[in-house]
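J.: Just to be clear, the model below is a prediction. Sequence and coordinates:
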Amino acid sequence: MPDLGLDPPELTILLLGDSGVGKSTFLSRLTCGSAKDATTQPLPQLRDLDQPFVFDISLWNRPYRFEFYDTASPTSYSLIRPSVIILCYSIPHRSSLTSVHTRWKYEVETHFNYDESLPVMLLGLKRDLRREGDPEMVIPQEGLRVAQEMRCDRYAECSAVTGELCREVFEDLAKTAAMTTTAKGGKSEPTNCVLM
């Protein structure tokens, strides 16, 4: 039975990563929803000044409000108190994964160390641009290894341009964020890293 008497919990999701890795395109894809023709429609242009990007969803018969911010937020990302952090990199640009491992991991450890139960996901974007044999490309096993080294709770990949795996990433993210409202929290058990 749905819980209709309570205001939905507001959960803040922060996307961190270098400029140009695909964070805005990913958020644009999420605004299209899960309609069958969503992958054929042009992606809407999102403006950084319009953050947060809000999504109201129902999960486990309960409403939730997700507020997405990225590093280009008008509010300094270091002042946001997220429920979940997504570290983003571009699959065809190995340097962006290196940057996640060095710069962005440091940002998480210094600015968001107030809560050890804060779930962190590593997300590879631009999956549609992966080409076999190109040494610049990050293969899934490398992304998963980096996620494990950084002790991320989740690892996933998707293509916002084609829509490939975006729904699955959003569902996994929504479940993780919703779990932060429970006593157990959204952090995964040690040694449990999910590859999607």
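T.: Right, received. Where do you want to start?
J.: In the protein, which strand is the longest?
T.: The longest strand of the chain (DSSP state E) is strand 62-70.
J.: now the angle from the helix or strand just after that one to strand 62-70?
T.: Moving toward the C-terminus from strand 62-70, the next helix or strand (DSSP states H and E) is strand 84-90. Interaxial angle, strand 84-90 versus strand 62-70 (axes from the mean of the first three to the mean of the last three C-alpha atoms, to 10 degrees): 50 degrees.
J.: Could you list every helix and strand in contact with the longest strand of the chain?
T.: With contacts taken as 3 or more C-beta pairs under 8 Å, 6 or more residues apart in numbering; DSSP states H and E, strand 62-70 sits against strand 10-16, helix 23-31, strand 53-59, helix 166-179. Bear in mind the C-beta positions are built from the backbone N, C-alpha and C, glycine included.
J.: The second one: which residues count as buried?
T.: Within helix 23-31, the residues that count as buried by 16 or more other C-beta atoms under 10 Å are K23, S24, T25, F26, L27, S28, R29, L30.
J.: thinking again about what came up before, CA-only coordinates of the longest strand of the chain in PDB, if you can.
T.: Below are the C-alpha coordinates for strand 62-70, written out as PDB (Å, rounded to 0.1, in the frame of the first residue of the first chain):
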ATOM      1  CA  ARG A  62       6.900   5.200  -1.700                       C
ATOM      2  CA  PRO A  63       7.500   8.500  -3.400                       C
ATOM      3  CA  TYR A  64      11.000  10.000  -3.600                       C
ATOM      4  CA  ARG A  65      12.300  13.300  -4.900                       C
ATOM      5  CA  PHE A  66      15.800  13.200  -6.400                       C
ATOM      6  CA  GLU A  67      17.700  16.400  -6.800                       C
ATOM      7  CA  PHE A  68      20.700  16.100  -9.200                       C
ATOM      8  CA  TYR A  69      23.600  18.500  -9.100                       C
ATOM      9  CA  ASP A  70      26.900  18.400 -11.000                       C
END
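J.: can you list contacts of it?
T.: The contact list for strand 62-70, computed with C-beta atoms under 8 Å, 6 or more residues apart in numbering, reads 2-3, 8-17, 23-24, 27, 30, 48, 51-58, 75, 77, 80, 82, 174, 177-178.
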